[in-house]
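*Asks:* Kindly generate the corresponding structure for this input.
(one chain, ligands or ions: 1)
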Amino acid sequence: MTRAPATQTQAHLNPVASAMQGLTDTGVFLMPPADLNRAIGAGTNEWTRFAAHWRELAPDRYAAELGTRRLRRYGHFVFRPADGHATLLPHRAFVQPEDSNPLYVETDRQFEPLTAHFAKDPLLHGLLRLLGDVATVLEDTAEWDAKVTPFRVLASGDGGGQPTPEGLHRDGVTLVTSLLVDRHNAGGGESSVVDLDGHQLLKTTMSEPGTLLMGDDRRTLHGVSAIHALDPDEPARRDVLVITLAPRRSRG
Ligand SMILES: [Fe+2]
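*Replies:* Sure thing, here's the model as predicted:
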């Protein structure tokens, strides 16, 4: 990583305050697993339960058209900072906001909904509360649109593991976050965050589950390099949870 001071928790700050400071200073922050666990009160049992949801994802046919084997689900919550409560909305198509992703301009994409037990998982709701807290340093709003996408990217000896086939991009939101949940037999998968002029702000390979990368999506672009199988005879996978927050502007 290239901006160590902005990605390490300062001893005198709690994890939320550290994240707020990093996002304000540089637009990016990397929270280590120990700090995340402290912030949301999670431990080994919670993570084991949470990671099991990634065994129930569904194929992403849009990524398959680009030659990438990716599984996912999708859920749209409304998060209210006033009471720290996240409500799951009825399932609808996923629309990439504005013109943020050149691959999917004005394209609605249909993904399978989150399973009921994923949508209710206390660890997910702890994450939403944490991110809702952090996001207040970027924008003030009574309600956030929180879009939740668990991803599994697969690779094997013959390739096929592009976490972000669109390359460096924005999501068209305020806060964009990526949480590493698990990786197995996977090399590569390096995360890059650059500013709008293309200057590198952070480059890191998230290797420890529970590592949480956050970016101010209004002033940064992000991307992840391909993964490959370390042992070519075995499949490789990288499991992440992407959560984005944007001020709620409509009932859509
Ligand atoms: Fe993205």
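
*Asks:* And the helices in the chain?
*Replies:* 4-7, 15-25, 33-40, 44-51, 61-65, 116-119, 122-135 (DSSP state H).

*Asks:* for those, which one sits closest to E234?
*Replies:* Set against E234 and scored by C-beta to C-beta, the helices of the chain come closest in helix 44-51, at 18.6 Å. (Glycine included, C-beta is placed from N, CA and C.)

*Asks:* I'd like to check the angle between the closest one and helix 33-40, please.
*Replies:* Interaxial angle of helix 44-51 relative to helix 33-40 (axes from the mean of the first three to the mean of the last three C-alpha atoms, to 10 degrees): 90 degrees.

*Asks:* What are the buried residues along helix 44-51?
*Replies:* 46-47, 50 (16 or more other C-beta atoms under 10 Å).

*Asks:* can you check stretch 182-200 too?
*Replies:* For stretch 182-200, by 16+ other C-beta under 10 Å, it's 182-183, 185-189, 191-194.

*Asks:* Tell me which entries of the residues you listed lie within strands.
*Replies:* Using DSSP state E, the subset of these located in strands is 182-183, 186-188, 191-194.

*Asks:* With distance to D239 and pLDDT added, can I get these in JSON lines?
*Replies:* Below are those laid out as JSON lines (distance: C-beta to C-beta, whole Å; pLDDT from 0 to 100):
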{"residue": "D182", "distance to D239": "4", "pLDDT": "98"}
{"residue": "R183", "distance to D239": "7", "pLDDT": "96"}
{"residue": "A186", "distance to D239": "10", "pLDDT": "95"}
{"residue": "G187", "distance to D239": "15", "pLDDT": "94"}
{"residue": "G188", "distance to D239": "15", "pLDDT": "95"}
{"residue": "S191", "distance to D239": "14", "pLDDT": "97"}
{"residue": "S192", "distance to D239": "19", "pLDDT": "98"}
{"residue": "V193", "distance to D239": "20", "pLDDT": "98"}
{"residue": "V194", "distance to D239": "24", "pLDDT": "98"}
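
*Asks:* can the residues you listed go into JSON lines with extra columns for distance to M20?
*Replies:* Shown next, in JSON lines, are these (distance: C-beta to C-beta, whole Å):
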{"residue": "D182", "distance to M20": "28"}
{"residue": "R183", "distance to M20": "28"}
{"residue": "A186", "distance to M20": "31"}
{"residue": "G187", "distance to M20": "33"}
{"residue": "G188", "distance to M20": "31"}
{"residue": "S191", "distance to M20": "20"}
{"residue": "S192", "distance to M20": "22"}
{"residue": "V193", "distance to M20": "17"}
{"residue": "V194", "distance to M20": "21"}
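
*Asks:* quick one: which of these is nearest D145?
*Replies:* Closest to D145, out of all of those and judged by C-beta to C-beta, is V193, at 21.8 Å.

*Asks:* ok now do that closest one, which residues does it touch?
*Replies:* Residues near V193 by C-beta atoms under 8 Å, 6 or more residues apart in numbering: 27-28, 200-203, 213, 215, 220-222.

*Asks:* Write the PyMOL selection for whichever of those are buried.
*Replies:* Entered in PyMOL, the line below selects the buried ones among the contacts of V193, by 16+ other C-beta under 10 Å:
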select buried, resi 27+28+201+202+213+215+220+221+222
